[in-house]
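[1] from the sequence below, what's the structure:
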Amino acid sequence: MINYKELIKNFSEDDFKFQRVNLHIHTNHSDGEADFDELLEQAKIRGYKYIAITDHNTMNGYFESKFANSSILIPGVEFDAWCGYVFMHLLAYGVDKNHEKLKSFFANNKKDATNVIPRLFSKRKIKELIDTIHDAGGIAVLAHPCCCWAISLDKFVQKLKELGLDGIEAYYPYPRLRGVVKFHKQATPLKLAKKYDLIITGGTDLHEKSF
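    Below you'll find the predicted structure:
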């Protein structure tokens with residue numbers, strides 16, 4: 001059995017920056033444009049060592065794909081959740097898609113996986129979500145932290161760490177929410193990862209049809 005925590009922990013900055021690893025990808029099972037299996041095939045052709053397809057609030061792609069057990073594919077999902085007053089995205093890696101409690105956090109319909117407005121009304125309790133990710137064999141990672149609305153990103157990450165957060169996404173290509181608002185400096189997540197001993201991850205947050 002693969003120890004995904006150790007695997008991800010050992011990825012380097014170069015793995016993310018030189019597109020050898022991409023741990024944040026969306027398909028048409030949520031708000032992406034690409035077919036799950038087509039993206040996986042593209043990743044193989046491009047020479048990726050590992051990718052994670054992380055659709056919003058669903059792992060339907062993993063249930064339906066012919067190639068979900070591919071050696072380069074790390075199982076993943078991106079959950080919408082609130083932590084206090086902060087709306088956030090929580091990436092889960094290495095989880096068992098058949099875990100019954102985890103499935104209770106999945107979207108009940110297509111809109112809850114594709115439409116931003118319904119997703120803002122998420123009722124997922126962050127502590128319960130993190131605990132369930134752990135119970136499902138996975139790790140919990142804060143996605144694109146510079147886009148969080150937290151007044152103090154340091155205190156926010158500290159709180160999440162106390163709740164069981166395992167990692168923070170530090171390598172991703174955009175510093176601004178929706179290309180407009182910038183809440184925090186892009187160098188801050190890396191500093192916080194080191195401060196709070198968090199696993200460092202990265203990805204392109206791909207929504208297009210190809211890499």
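
[2] output the lowest mean pLDDT helix or strand found in the protein.
    Every helix and strand in the chain was compared by mean pLDDT, DSSP states H and E; the lowest is helix 116-119, with a mean of 90.

[3] what sits against Asp80?
    With contact set as C-beta atoms under 8 Å, 6 or more residues apart in numbering, Asp80 has these partners: His56, Asn57, Phe87, Met88, His89, Arg119, Leu120, Ser122, Arg124. For every residue, glycine as well, the C-beta is placed using N, CA and C.

[4] one more time with 7 Å
    Counting by C-beta atoms under 7 Å, 6 or more residues apart in numbering, Asp80 touches His56, Asn57, His89, Arg119, Ser122.

[5] which residue packs closest to the third one, ignoring adjacent ones?
    For His89, the nearest residue in space outside its immediate sequence neighbours is Ala143; the separation is 3.9 Å by C-beta to C-beta, 6 or more residues apart in numbering.

[6] over to the fourth one?
    In space, Arg119 comes closest to Asp80 once its chain neighbours are excluded; the distance is 4.4 Å by C-beta to C-beta, 6+ apart.

[7] so for the helix or strand where that neighbour lies, mean pLDDT?
    Asp80 belongs to strand 76-83 when assigned by DSSP states H and E. Across strand 76-83, the average pLDDT comes to 98.

[8] what are the buried residues along that strand?
    Under the neighbour-count criterion of 16 or more other C-beta atoms under 10 Å, strand 76-83 has Gly76, Val77, Glu78, Phe79, Asp80, Ala81, Cys83 buried.

[9] tell me which helix or strand the residue nearest the centre of the chain sits in.
    Nearest to the geometric centre of the chain sits Leu91, at 2.8 Å (C-alpha atoms, centre = their mean). Leu91 belongs to strand 86-93 when assigned by DSSP H and E.

[10] kindly export that strand (C-alpha atoms) in CSV.
    Taking Å, rounded to 0.1, in the frame of the first residue of the first chain, the C-alpha atoms of strand 86-93 are listed here in CSV:
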residue,chain,number,x,y,z
VAL,A,86,-13.1,32.4,6.4
PHE,A,87,-14.4,30.5,3.3
MET,A,88,-11.7,28.1,2.3
HIS,A,89,-10.8,25.2,0.0
LEU,A,90,-9.4,22.1,1.6
LEU,A,91,-7.5,19.6,-0.5
ALA,A,92,-7.6,15.9,0.5
TYR,A,93,-4.9,13.5,-0.8
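
[11] who does it pair up with?
    strand 76-83 (antiparallel), strand 139-142 (antiparallel) (DSSP bridges).
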